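Asker: coords below, sequence missing:
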């Protein structure tokens, strides 16, 4: 997204209203990198903002409704570059919709892994270490740790 901004493309960066961590008007990484963003409540708002852009970036896409799949398809079909980020697995290690549907339709996929806090190898799982049992619990290190497959401890089924 930064490269698209440097290239003077019309870029819109969006984040779900549910993700209220760090700053209301910026995407903020765990390493404290910041980029201005707009807050959206649903996929229809993504489409409305995306129509005016050449490049559409969406963070924490797992927090949006299932309509985001069709919205991304429509934007891409209209010639927009759509860059989506989100968790592919939930804290139980199960596919986190709508990300699997988006992965299946994507031309390019970059799977970025964290570092396992237990053993230091690449980590593709999210270990919930505190909090409740609901599927969506927005938080950072107070609720979650990055874990590799070997160190991940799936919660007991309810």
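Answerer: That came through, no problem. As the structure is a computational prediction, the values presented were derived from the model and not from experiment. Numbers count the residues shown, from 1 in each chain.
Asker: in the protein, which strand is the longest?
Answerer: With secondary structure taken from DSSP state E, the chain has its longest strand at strand 11-16.
Asker: now the longest helix seen in the chain: buried residues?
Answerer: Criterion DSSP state H: the longest helix present in the chain is helix 68-77. Residues 68, 69, 71, 72, 75, 76 are the ones in helix 68-77 that count as buried (16 or more other Cβ atoms under 10 Å). (Glycine included, C-beta is placed from N, CA and C.)
Asker: the fifth one: what's its closest spatial neighbour, skipping adjacent residues?
Answerer: Spatial nearest neighbour of residue 75, chain neighbours left out: residue 50 (4.7 Å); criterion: Cβ to Cβ, 6 or more residues apart in numbering.
Asker: just the pLDDT for the one you found.
Answerer: At residue 50, the model reports a pLDDT of 98.
Asker: equivalent analysis for residue 137, please.
Answerer: 64.
Asker: and if you look at residue 21?
Answerer: Value for residue 21, per-residue pLDDT: 69.
Asker: ok, residue 26 next?
Answerer: With respect to pLDDT, residue 26 scores 73.
Asker: for residue 16, same thing?
Answerer: 93.
Asker: give me phi/psi at the nearest residue to it once chain neighbours are set aside?
Answerer: The shortest distance from residue 16 to any non-neighbouring residue, by Cβ to Cβ, 6+ apart, is to residue 63 (4.0 Å). Main-chain torsions, residue 63, degrees, to the nearest 10: phi -90, psi 0.
Asker: alright, that wraps it up for me.
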